[in-house]
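Novice: Prediction below, plus the sequence it came from.
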Amino acid sequence: VLHSLAKTDIDPKTLIEIVKQKNLDLLQQFGGTGAVATALQTDIHGGIDGSEEDRARRQGLFGSNTYKKPPTESFFSFVVDTFKSFTVLILFVCAILSLAFGLNLFIAVSIYISVSASSKYMQNKKFEKLLSKVSNSIQVDVVRNKRRQQILLSNVVVGDVICLKIGDQVPADGIFLDGHSLQIQESDHNVEVNSSQNPFLLSGTKVVDGYGRMLATAVGMNTTWGQIMRQTSYNTSEWTLLKARVRKLTSLVDLIGLAITFSGLLMILDLNAVVNLIIPEGLPLAVTVTIAYSMKRLMIDHAMVRKLSACETMGSATVICTDKTGTLTLNQMKGAADHSNIAPKVVELIQQGFALNTTAGFYKRTSGSGLEIELSGSSIEKAILSWPILGMSMDMEQIRQSCVILQVEAFNSHRKQSRVMMRKKADNTVHVHWKGAAEIILAMCSSYYDASGNVKHLEVGARERFEQIIQGMAAGSLQCLAFAHKQVPVPEEELNEENLILLGLLGIKDPCRPGLKKAVEDCQYAGVNIKMITGDNIFTAKAIATQCGILKPEFRNYTEEEKMEKVEKIYVMARASPDDKLAMVKCLKLKGHVVAVTGNGIKDAPALEEANVGLSMGIQGTAVAKESSDIIILDDNFATAVTLLNWGRCVYVNIQKFIQFHLTISVSSVLFNFLAAVLVGKNPLTAVQLLWMNLIVLTLGALALVTEQPTKELMEKPPVRLTEPLITNVMWRNLLAQAFYQIAVLLTLLFKGESVLGVNENVKDTMIFNTFVLCQVFNEFNARKLEKKNVFKGIHKNKSFLGIIGITIVLQVVMVEILKKFADTEGLNWIQWGSCIGIAAISWPIGWFVKCIPVPAKSLSYLSNEAQFLIISLLISKQLA
């Protein structure tokens with residue numbers, strides 16, 4: 001397909017092995033990197049052609065840059081997983097034993113198991129699809145058709161020239177082309193990559209220093225990373241904290257139901273009553289459904305959840321530590337400086353520093369309006385470079401051709417500076433150019449150029465004037481950079497960073513995002529503190545923080561004593577390093593805070609991993625930062641973090657709504673069947689009917705309640721502590737009131753139904769079943785609002801809730817009127833249906849009245865969920881005695 005390959009006797013397998021084994025001798029035998037590039041029809045400087053036909057040929061010969069994940073769990077595995085539940089196992093055994101009396105129970109149990117397994121299987125597939133979007137969203141810098149551009153990771157092909165910088169994850173196996181100080185993290189140590197001794201790069205490794213370009217020689221499953229992926233199992237069943245708490249809650253309900261049910265069984269020997277044990281099985285499914293739904297909705301709101309637990313933990317966040325650039329600001333930077341009175345000698349030096357000490361790329365193209373220059377790279381590098389190109393007509397190509405770069409030290413967040421050593425071809429002199437944070441570079445300078453190009457000593461007065469200029473620019477929300485220069489006699493490995501000559505200052509304007517102040521206020525109103533951690537100086541940081549609303553202007557009006565009292569509460573950390581950010585996160589966690597952290601660089605990885613929730617940036621974030629984070633903010637906007645906060649709280653509250661709804665059914669059905677068994681000697685609610693409750697009412701109830709979207713009310717409360725009980729006092733009040741009402745009306749129908757309603761026993765039992773189901777339908781409305789009395793507020797916006805209620809009612813009509821033999825029911829007339837609906841509708845006024853009753857201010861938080869359930873079970877036992 002690529003005819004050059006045959007001429008050089010290099011086949012795909014050989015290319016793969018050269019890099020994988022790091023065989024430098026074999027690479028030299030084939031003529032080195034240049035020969036391999038020629039064989040792959042790659043221009044080392046201009047890259048591949050990049051046309052669709054070219055990419056298709058390369059993918060056909062070398063494969064695509066995608067990874068085949070190990071097969072996920074099959075449907076049968078979820079059936080087996082369903083049987084791992086002790087309650088399901090007991091129920092299935094009872095169903096088999098009941099075959100002697102009919103097929104109804106066995107069929108019902110079989111349907112339940114099939115539906116349960118299907119639900120889990122479908123949710124697993126959805127999670128797999130959502131998580132796969134993470135890898136598909138990663139962008140890679142490549143050179144194609146002589147132009148630097150960004151493409152999707154999956155579109156990288158063999159022969160591509162890939163640009164690497166600090167924080168990138170190497171996207172393919174390949175060979176080093178050029179670069180400076182490039183270091184790769186392999187396993188637990190850093191390896192320097194160069195042309196002479198180690199020109200090999202392996203996919204999946206991380207760039208920790210320097211920058212460079214590489215030639216891709218293997219992609220996808222043919223890479224080192226692909227071999228690791230081939231041996232790695234794929235599991236989407238992550239156990240979140242909320243899931244674990246619900247599972248523990250389910251086990252406790254199991255035990256209580258088991259004790260009560262079997263005590264009834266021993267008295268009446270009715271195996272059908274064992275069906276009560278199945279009731280808690282819907283809780284873990286509800287957690288899965290609500291998190292899956294939230295993940296899908298968050299994708300629309302520009303957030304990609306990588307770890308399921310983060311979705312729920314975000315709702316408990318008490319502090320958000322955020323970066324400034326690109327998160328609080330638009331990341332649309334523009335340089336501001338004046339060069340009209342600068343001497344030509346200084347202009348030449350400035351242009352050398354700008355053209356050589358940069359990681360940005362440029363591309364010239366001719367259009368209808370003339371010659372256009374397109375810049376690529378980070379926002380700040382493009383802003384720095386655009387000023388001399390557009391304002392000073394700098395010719396980058398000419399400058400780079402007139403110099404030889406000897407040494408480069410890339411910018412890093414610790415030193416906050418970068419430098420380049422170069423030799424001028426014209427006079428063979430060696431120069432070093434520095435660029436970095438203004439006050440740091442200024443401290444390294446001992447002299448400066450005046451407007452005439454003369455070198456002047458940087459005396460105290462002059463230094464103070466420069467410092468005032470820097471402070472003034474920073475107070476105007478400008479990010480201030482300084483440029484310095486030094487001529488050295490010979491190239492030196494260790495440069496003396498003193499006695500530099502200051503070339504100039506450059507202010508970068510990066511405006512705050514629209515609506516940011518409102519987003520910060522929303523967080524503060526919700527009890528969440530915002531802390532800005534930035535590498536900018538204190539004056540820029542303070543100006544931006546005041547604009548955003550993080551720092552209040554009232555602070556300047558405090559007395560000195562008040563300032564000293566409040567200074568402990570740090571809201572802004574300026575000139576902060578990644579280590580400072582990590583220390584801040586650790587201290588906050590020790591204080592008991594739940595911390596969310598934003599980050600985009602490789603040095604942010606420790607803080608992102610240490611935080612309760614790590615938030616990386618989708619646009620400016622490096623691959624390493626994304627890999628270390630729990631959630632990727634796709635639009636780099638702080639307002640999206642506020643949306644995450646609201647959704648996290650929504651997940652927690654929706655689960656609480658379903659638990660309240662679920663336990664109401666559990667308590668009422670278990671107690672009613674038990675009391676009926678004791679007092680009458682039979683269970684009016686049959687096993688099939690209770691399975692119907694579980695399969696239809698609870699499953700559809702989960703879909704209706706856990707898909708409620710966030711409301712403003714959620715942001716009016718403080719964060720929920722991770723240690724707070726899942727079942728609150730309010731929930732106990734609501735569910736017990738509804739459960740006792742349902743038990744009361746069902747017992748009334750049981751004992752007085754025939755005489756009062758004038759019906760036979762079979763119709764009475766059907767009305768008991770029908771009333772019980774309809775009570776849950778009406779109670780679903782009550783469950784929408786745990787504390788608010790108006791349960792209908794916003795219901796018109798939730799069309800899925802209304803649709804599910806309608807489906808539930810239709811299915812109940814089918815169950816009672818059509819599947820009479822299967823469900824052991826009798827058909828009801830209009831009056832009987834009206835009676836059932838009227839009795840069930842009383843749930844609404846009861847729900848309103850109960851919410852008027854205050855609950856104890858002190859929560860039962862000192863009791864575990866286990867203790868709460870033991871107390872309830874003891875109360876039930878005492879009542880039954």
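Specialist: Received it, and whenever you're ready, just let me know what you need. Owing to the predicted nature of the structure, the values given are computational and were not obtained by experimental measurement.
Novice: Now do the domain split for the protein, please.
Specialist: 12-65+156-222, 317-330+513-636, 336-359+378-508, 657-878 (the TED database).
Novice: show me where pLDDT drops low in the stretch 701-850 of the chain?
Specialist: Scanning the stretch 701-850 of the chain for pLDDT under 70 picks out nothing.
Novice: go with 80
Specialist: The stretch 701-850 of the chain contains residues with pLDDT under 80 at 722-725.
Novice: same deal with the stretch 51-200 of the chain?
Specialist: The stretch 51-200 of the chain contains residues with pLDDT under 80 at 67-138, 167, 186-190.
Novice: What segments of it are strands?
Specialist: Taking DSSP state E, counting those that start in this stretch, the strands of the stretch 51-200 of the chain run over residues 139-144, 147-152, 161-164, 173-186, 189-192, 200-201.
Novice: returning to that earlier point: how about JSON lines for the domains of the chain, with distance to Lys307 added?
Specialist: Every residue, glycine included, has its C-beta placed from N, CA and C. JSON lines is the format used below for the domains of the chain (distance: least, Cβ to Cβ, whole Å):
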{"stretch": "domain 12-65+156-222", "distance to Lys307": "18"}
{"stretch": "domain 317-330+513-636", "distance to Lys307": "4"}
{"stretch": "domain 336-359+378-508", "distance to Lys307": "25"}
{"stretch": "domain 657-878", "distance to Lys307": "16"}
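Novice: isn't Val667 right up against Ala739?
Specialist: Yes - between Val667 and Ala739 a contact is recorded at 4.1 Å, counting by Cβ atoms under 8 Å.
Novice: Would you convert the domains of the chain into CSV that also reports mean neighbour count and distance to Val642?
Specialist: Converted to CSV, the domains of the chain look like this (neighbours: other Cβ atoms under 10 Å; distance: least, Cβ to Cβ, whole Å):
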stretch, mean neighbour count, distance to Val642
domain 12-65+156-222, 19, 26
domain 317-330+513-636, 20, 5
domain 336-359+378-508, 17, 22
domain 657-878, 18, 8
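Novice: so which of those domains comes closest to Ser294?
Specialist: Nearest to Ser294 among these is domain 657-878 (8.9 Å), distances taken as Cβ to Cβ.
Novice: wouldn't Met295 be in contact with Val305 here?
Specialist: Yes - at 4.7 Å, Met295 counts as touching Val305 under the criterion of Cβ under 8 Å.
Novice: As TSV, the strands of the stretch 51-200 of the chain with distance to Ala216 would be great.
Specialist: Formatted as TSV, these follow (distance: least, Cβ to Cβ, whole Å):
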stretch	distance to Ala216
strand 139-144	9
strand 147-152	12
strand 161-164	6
strand 173-186	5
strand 189-192	19
strand 200-201	9
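Novice: Asp25 is nearest to which of those?
Specialist: Of all the strands of the stretch 51-200 of the chain, strand 200-201 comes closest under Cβ to Cβ, at 12.5 Å.
Novice: Neighbouring strands - and their directions - for that closest one?
Specialist: Strand 200-201 has its sheet partners listed here by DSSP bridges as strand 173-186 (antiparallel).
Novice: Next, the angle from the partner strand to strand 139-144.
Specialist: Here the directions of strand 173-186 and strand 139-144 differ by 140 degrees (axes from the mean of the first three to the mean of the last three Cα atoms, to 10 degrees).
Novice: Alpha carbons of strand 173-186, in PDB - could you do that?
Specialist: Output of strand 173-186 as PDB, limited to C-alpha atoms (Å, rounded to 0.1, in the frame of the first residue of the first chain):
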ATOM      1  CA  ASP A 173       4.500   4.200  20.000                       C
ATOM      2  CA  GLY A 174       7.100   6.200  18.100                       C
ATOM      3  CA  ILE A 175      10.600   7.700  17.500                       C
ATOM      4  CA  PHE A 176      11.900  11.000  18.700                       C
ATOM      5  CA  LEU A 177      12.300  13.600  15.900                       C
ATOM      6  CA  ASP A 178      13.400  16.800  17.700                       C
ATOM      7  CA  GLY A 179      12.800  18.800  20.800                       C
ATOM      8  CA  HIS A 180      14.500  20.000  24.000                       C
ATOM      9  CA  SER A 181      14.800  18.600  27.500                       C
ATOM     10  CA  LEU A 182      12.100  16.100  26.800                       C
ATOM     11  CA  GLN A 183      11.500  13.700  29.700                       C
ATOM     12  CA  ILE A 184       9.000  10.900  29.900                       C
ATOM     13  CA  GLN A 185       7.700   9.200  33.000                       C
ATOM     14  CA  GLU A 186       7.900   5.400  32.500                       C
END
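Novice: and the spatially closest residue to Gln351 that is not a sequence neighbour, which of the three is it?
Specialist: In space, and not counting its chain neighbours, Gln351 is closest to Met394: 4.8 Å by Cβ to Cβ, 6 or more residues apart in numbering. Of the three states, Met394 takes coil under DSSP: H, G, I helix; E, B strand; the rest coil.
Novice: show me the residues around Met394 that make contact.
Specialist: For Met394, the contacting residues are Gln351, Phe354, Ala355, Pro388, by Cβ atoms under 8 Å, 6 or more residues apart in numbering.
Novice: which helix of the protein spans the most residues?
Specialist: helix 638-679 (DSSP state H).
Novice: Next, the residue sitting nearest the centre point of the chain: phi, psi?
Specialist: Central residue of the chain (Cα atoms, centre = their mean): Ile631, 1.5 Å from the mean position. Per-residue torsions, Ile631: phi -140, psi 140 (degrees, to the nearest 10).
Novice: That one contacts Gly614, doesn't it?
Specialist: Yes - under the criterion of Cβ under 8 Å, Ile631 makes contact with Gly614 at 7.3 Å.
Novice: Quickly list what's touching both of those two.
Specialist: Ala310.
Novice: What separation is there between Thr707 and Ala783?
Specialist: Computed as Cβ to Cβ, to the nearest Å, the Thr707 to Ala783 distance reads 13 Å.
Novice: just to revisit the earlier point, what's the distance between the next helix-or-strand element following the longest helix of the chain and the middle of its chain?
Specialist: The helix or strand immediately downstream of helix 638-679 is helix 687-692, counting by DSSP states H and E. Averaging C-alpha positions (Cα atoms, centre = their mean, to the nearest Å) puts helix 687-692 40 Å from its chain's average.
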